[in-house]
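Colleague: I'd like to go over a predicted model; first the sequence, then the structure.
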Amino acid sequence: MQALWRNRVLWQRAGFPAAVLCAVAVLGLFDVFWRTDLALFDTALPTRAAPADVVIVAIDDASIAQLGRWPWPRAVHAALLDRLRADGVQAVALDILFTEPDAASPAGDAALAAAMMRGPPTVLPLLADLPGNGEAARERLPIPVLARAAAGLGHADLEEDPDGIVRSVYLREGPGAPTREYLAAALLDHTPRVGILRLPGERRPAAAGASTAWVRDHRLFIPFLGPPGHFTQLSYIDVLRGRVDPGMLSGKLVLVGATAQGIGDALPTPRSGHSRPMPGVEICANVLAALRAGTSIRRASLPVTILLDLIPVALLLAGLQRLAPRQSLLLAASLWCATLATSILLLRMAYWWWPPGSALAVLLVAYPMWSWQRLSATQAFLEDEFRQLARERFPGLAEPPAARRRSGTDDFMQYRIALLRQANQELRATRQEREEVLRFLSHDMKSPAASLLGLAQLQRDPARALAPAELSERLDLLAQRMLALVDSFVALARAEAADPGSFSRFDLRDAVQDAYDEVWAAAQARNITIGLEVCEGSCTVSGDRQLLARALVNLLGNAVKFAPAGSSVGLTCEAVSTNAVISILDQGPGVAPEHRAALFSRFSRGLHRGIDPGGSGLGLAFVRVVAEKHGGRAWAEHGREAGTLFRLSVPLAPPGP
């Protein structure tokens, strides 16, 4: 039992913390809580004002209504570029695919190319063609006349997370090698006041691959500044018709793209509240603003993420080893809130993203699991202690059904509380017995010894010394009294220490005869007749013959002691159902009903109608202990006419050899 308890303690102190820390590492390694992390990322993104020098010229529903069905002739876009040049814009990203010639107006391609040559610097998107099925990935560029006239080309591909939401973009992509910049980066490269950028973002270990593969590099987590419509937007038709104040465009970076329903590449983003997607041109504007301000979000590497996940969990485990349950709960709640707050603040203040989902999940369940472990260990310890107490001292604790009935409920916890209450009552009874034993030792056993010392001191004085005959008589009485006390006390201790596992089968009628033979002389001395009646058949029990015979001697001796001289005492032994019952009836003064329950307690005397014939008060307590050790009981009743009827009942042994 001690080894088992040590193993439980070792598991709590070392095994459980190690298992929890390993769980944190595994959860972080396999990104089990990626949904939680992404949802937290979306919630924690800070809102910032859109830069004033970035303007979206939107191909909106109003423009479609006035200029007609999409796509429009290329000459319309040429006229827009001329208007933007006249208004003094810095550079333009024309986020429209021109991968095929204008079949309706071939001259429009030349007009658009000429407008692009005149300025402002204009970049065009290219299309990534990723067919799959083993086919080679390729680029679909604008038609040659427009590709030559453009200041630069850039891809417009966006990265979708497993939940279908756009949170990042690769700033370089291409077939076989990442050679093409994202459209916003290409625009900044050709902006006169900016120049060539040093691209941020996560680097990929393999930046090149087979010519059939589409390779990506410089992954950038986009710090979306606000919901759709956060950037300054001007209607395409208003700019084209000159209805916009030139001051709103002078010196600005302009992105031209579709926002009208049905013609754009609107995608869900962390800022797409109420399922409102964000147009691709506005996503490009957010990337442009991040590159301009240098506020790209950096994500913690996997080793750093796992390390940061382990720190709050390790702190909690250390606190659980030392703190009380309420303090441990407060620590767990505090660490959970601190972990969440730290992740959010790092993103909002430093644009550094640590996904804390694994740490939050483990912090949430670590305290309940720890509490369950401690409760389980405590329960196992208490059960072991209950069993040990039941074996060594309190057999009643080894009766779970009785304890469950006493609890009055089928609830497991209430049952345990009832069992603990029962143990507490037993311990109180034991403490009371100990106090009674101390009183017995200090009074009853001390009194004869004090008398012996008094006689010894008296004999030293020749004038007061007793005659030898009188001295011998007094010494004999004191010695017999002390021996009787010691014998009763030792007999009771032996009965309490008896092991039911060592009992053997015997006929209870033999123990009855032993008791009859031992008390017969005392009964004859008082002219008392003992009427013995035993059943004719066998009365086999499993027990200790000497203990049962001694218990019967105590009962029969008491009956003879309290019975009037010349009266009779009845002694019967019979089988009643599954029990052997011994009954002893005397004709004495009897015991009041309110005193019968106390008869079998230790040191109980003077309960027979006020008569106290002396003795230690341990005889009937011995009878009770012997009966309980044999699985039976002892009790007293009022006689049929007078006196007291004592009964002792023990189970009959099952048939067998």
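Modeller: That came through, no problem.
Colleague: In the helix or strand in which residue 376 is found, which residues are buried?
Modeller: According to DSSP states H and E, residue 376 maps onto helix 357-392. Using 16 or more other C-beta atoms under 10 Å as the test for burial, helix 357-392 gives 357-363, 366-367, 370, 373-374, 377, 386, 389-390. Bear in mind the C-beta positions are built from the backbone N, C-alpha and C, glycine included.
Colleague: Please apply the same query to stretch 639-648.
Modeller: 639, 643-648.
Colleague: Run the chain-centre distance for that stretch.
Modeller: What separates the centre of stretch 639-648 from the centre of its chain is 60 Å, taken as C-alpha atoms, centre = their mean, to the nearest Å.
Colleague: same thing with stretch 553-572?
Modeller: Using C-alpha atoms, centre = their mean, the offset of stretch 553-572 from its chain centre is 65 Å.
Colleague: Ok, stretch 282-297 next?
Modeller: Centre-to-centre, stretch 282-297 and its host chain are 44 Å apart (C-alpha atoms, centre = their mean).
Colleague: which other residues reach it?
Modeller: Stretch 282-297 is contacted from outside by 50-51, 54, 56, 93, 95, 156, 158, 166, 169, 182-185, 187-188, 194, 197, 200-201, 220-225, 228-231, 253, 255, 257, 259, 267, 269, 347, 351-353, using C-beta atoms under 8 Å, 6 or more residues apart in numbering.
Colleague: Can you tell me which of these end up in helices?
Modeller: Secondary structure from DSSP state H places 183-185, 187-188, 347 of those in helices.
Colleague: Would you mind listing which of the contacts of stretch 282-297 are buried?
Modeller: 50-51, 54, 56, 93, 95, 156, 158, 166, 169, 182-185, 187-188, 197, 200-201, 220-225, 228-231, 253, 255, 257, 259, 267, 269, 347, 351, 353.
Colleague: Looking at the buried residues of helix 357-392, which one is closest to residue 79?
Modeller: If you rank the buried residues of helix 357-392 by distance to residue 79 using C-beta to C-beta, residue 357 comes first, at 51.7 Å.
Colleague: Go ahead and confirm the closest one touches residue 34.
Modeller: Yes. Residue 357 is within contact range of residue 34, at 7.1 Å (criterion: C-beta atoms under 8 Å).
Colleague: Are we agreed that residue 242 is in a helix?
Modeller: No. Under DSSP: H, G, I helix; E, B strand; the rest coil, residue 242 falls outside any helix and is assigned coil.
Colleague: wait, what's in contact with it?
Modeller: residue 83.
Colleague: Relative to residue 578, how far out is it?
Modeller: Distance, residue 242 to residue 578, using C-beta to C-beta, to the nearest Å: 114 Å.
Colleague: just residue 79 next, same as before
Modeller: 113 Å.
Colleague: next one: residue 277
Modeller: Separation of residue 277 from residue 578 (C-beta to C-beta): 84 Å.
Colleague: Of those two, give the one with the bigger neighbour count.
Modeller: Between residue 277 and residue 578, counted using other C-beta atoms under 10 Å, the more crowded position is residue 277 (17 against 10).
Colleague: for the record, mean pLDDT for the helix holding residue 376?
Modeller: Average pLDDT, helix 357-392: 82.
Colleague: Stretch 266-278 too?
Modeller: Across stretch 266-278, the average pLDDT comes to 83.
Colleague: how much distance is there from the helix holding residue 376 to the middle of the chain?
Modeller: 9 Å.
Colleague: Likewise for stretch 306-313?
Modeller: 19 Å.
Colleague: Which residues belonging to that stretch are considered buried?
Modeller: Applying 16+ other C-beta under 10 Å to stretch 306-313 flags 306, 308-310, 312-313 as buried.
Colleague: same deal with stretch 70-85?
Modeller: For stretch 70-85, the neighbour count (16+ other C-beta under 10 Å) marks 71-84 as buried.
Colleague: Could you dump these into CSV with secondary structure and pLDDT added?
Modeller: CSV is the format used below for the buried residues of stretch 70-85 (DSSP: H, G, I helix; E, B strand; the rest coil; pLDDT from 0 to 100):
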residue, secondary structure, pLDDT
71, coil, 90
72, coil, 93
73, coil, 93
74, helix, 94
75, helix, 94
76, helix, 95
77, helix, 96
78, helix, 96
79, helix, 96
80, helix, 96
81, helix, 97
82, helix, 96
83, helix, 96
84, helix, 96
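Colleague: Quick one: the residues you listed as JSON lines, columns for distance to residue 591 too.
Modeller: Output for the buried residues of stretch 70-85, formatted as JSON lines (distance: C-beta to C-beta, whole Å):
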{"residue": "71", "distance to residue 591": "116"}
{"residue": "72", "distance to residue 591": "118"}
{"residue": "73", "distance to residue 591": "123"}
{"residue": "74", "distance to residue 591": "122"}
{"residue": "75", "distance to residue 591": "126"}
{"residue": "76", "distance to residue 591": "121"}
{"residue": "77", "distance to residue 591": "119"}
{"residue": "78", "distance to residue 591": "124"}
{"residue": "79", "distance to residue 591": "124"}
{"residue": "80", "distance to residue 591": "119"}
{"residue": "81", "distance to residue 591": "121"}
{"residue": "82", "distance to residue 591": "125"}
{"residue": "83", "distance to residue 591": "122"}
{"residue": "84", "distance to residue 591": "119"}
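Colleague: Cool, thanks, talk later.
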